[in-house]
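J.: I need the structure of the sequence given here:
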Amino acid sequence: MLYHAGTMEEHFADSAFDGINSHCINNVFAYQLTPDEFRALQKPSQIRARIDRQHSESRWFNVHDAGLHLYIAEKLRLALDALDRQIGAQAIQQCFQAR
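T.: All right, here's what the predicted structure looks like:
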């Protein structure tokens, strides 16, 4: 399932144009993997097969790594919060359906 996690701003002193700064508005989404998707991503050959022409490598990282760039950490926080809310909502629904 895909969930809208939030919207955030990014400000950079530079851009693709010399002498011009940039301001980006990002809509952040979180995706909850199915068990089959999660198992498939545990196989290195599956990860390499999913990389597009713009990227040459990938790696796993800890979402709580203190060394992540501030903007990446904020996107992950939004995504994790959205997933927590959704999983909590699903658990509440299951409780009421069980009655």
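
J.: what's the model's confidence in the top helix by length along the chain, averaged?
T.: Secondary structure of the chain per DSSP state H: the longest helix is helix 70-98. In this model, helix 70-98 has a mean pLDDT of 82.

J.: Packing partners of that helix?
T.: strand 2-12, strand 22-31 (3 or more Cβ pairs under 8 Å, 6 or more residues apart in numbering; DSSP states H and E). Bear in mind the C-beta positions are built from the backbone N, C-alpha and C, glycine included.

J.: quick one, the longest one and helix 70-98 angle?
T.: The one in question is strand 2-12. Strand 2-12 runs at 160 degrees relative to helix 70-98, counting by axes from the mean of the first three to the mean of the last three Cα atoms, to 10 degrees.

J.: ditto for the last one
T.: For strand 22-31 and helix 70-98, the angle between their directions (the same axes, to 10 degrees) works out to 30 degrees.

J.: quick check, Ala40 in a helix?
T.: Yes - checked against DSSP: H, G, I helix; E, B strand; the rest coil, Ala40 lies within a helix.

J.: What score does it have for pLDDT?
T.: 79.

J.: And it, how close does it get to Glu10?
T.: According to Cβ to Cβ, to the nearest Å, Ala40 stands 31 Å off from Glu10.

J.: Let's see stretch 22-30 as CSV, backbone CA atoms only.
T.: This file holds the C-alpha atoms of stretch 22-30, laid out as CSV (Å, rounded to 0.1, in the frame of the first residue of the first chain):
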residue,chain,number,x,y,z
SER,A,22,16.8,26.4,-5.3
HIS,A,23,13.7,25.8,-3.2
CYS,A,24,12.0,22.4,-3.6
ILE,A,25,8.6,21.3,-2.3
ASN,A,26,8.5,17.5,-1.8
ASN,A,27,5.4,15.3,-1.4
VAL,A,28,6.7,12.3,0.6
PHE,A,29,5.1,8.9,0.2
ALA,A,30,5.6,5.7,2.2
